[in-house]
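K.L.:
fold the following.
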Amino acid sequence: MKNIPESLLSTSALLTESFPNGITQDEYKALIFILYEHMSDRNLSEVLSFFVDKDKIVISNDIPKHCTGQGLQLEMIKNVQENLNRHGFQEWIDED
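P.N.:
You can find the predicted model right below:
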């Protein structure tokens, strides 16, 4: 198991609680879109690498493709956002 940096523990906890059964490819894309404005590319790629079967470099390359939401289904974005909200997304945002 990879060691999660202390600075990403609350993000990791949010994702663990929000997606206890793992993150699908569509959820992954929606998460990039939703989390992008709140995290650096480096931190976003690092934390997602703990939850999806992709290397940080691959995730870093995916970020520009998905951060605009282009090509994503609005229903998926809405579902992921609601799931995050139920598990403390606003509190996570307010931590900073």
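
K.L.:
tell me the centre residue of the chain?
P.N.:
Leu31 (4.0 Å; C-alpha atoms, centre = their mean).

K.L.:
grab the longest helix from this protein for me.
P.N.:
Across the chain, the longest stretch assigned as helix under DSSP state H is helix 74-86.

K.L.:
run the chain-centre distance for that one.
P.N.:
Helix 74-86 has its C-alpha centroid displaced from the chain centroid by 12 Å (C-alpha atoms, centre = their mean, to the nearest Å).

K.L.:
touching that helix from outside, list them.
P.N.:
14, 18-19, 26-27, 29-31, 33-34, 69, 89 (C-beta atoms under 8 Å, 6 or more residues apart in numbering). C-beta: built from backbone N, CA, C; applies to glycine.

K.L.:
change it to 6 Å
P.N.:
With contacts defined as C-beta atoms under 6 Å, 6 or more residues apart in numbering, helix 74-86 is touched by 18, 26-27, 30, 34.

K.L.:
including secondary structure, neighbour count and pLDDT, could those residues go into TSV?
P.N.:
What follows is the contacts of helix 74-86, written out as TSV (DSSP: H, G, I helix; E, B strand; the rest coil; neighbours: other C-beta atoms under 10 Å; pLDDT from 0 to 100):
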residue	secondary structure	neighbour count	pLDDT
Ser18	helix	19	98
Asp26	helix	15	96
Glu27	helix	21	97
Ala30	helix	26	97
Ile34	helix	18	98
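
K.L.:
so which elements touch the helix or strand hosting Leu31?
P.N.:
Using DSSP states H and E, Leu31 sits within helix 25-35. If you count contacts as 3 or more C-beta pairs under 6 Å, 6 or more residues apart in numbering; DSSP states H and E, helix 25-35 packs onto helix 56-66, helix 74-86.

K.L.:
next one: that helix to chain centre, how far?
P.N.:
6 Å.

K.L.:
right, and the helix or strand after that helix?
P.N.:
Next along from helix 25-35, by DSSP H and E: helix 41-49.

K.L.:
tell me what angle that following helix forms with helix 56-66.
P.N.:
Going by axes from the mean of the first three to the mean of the last three C-alpha atoms, to 10 degrees, helix 41-49 is angled at 110 degrees with respect to helix 56-66.
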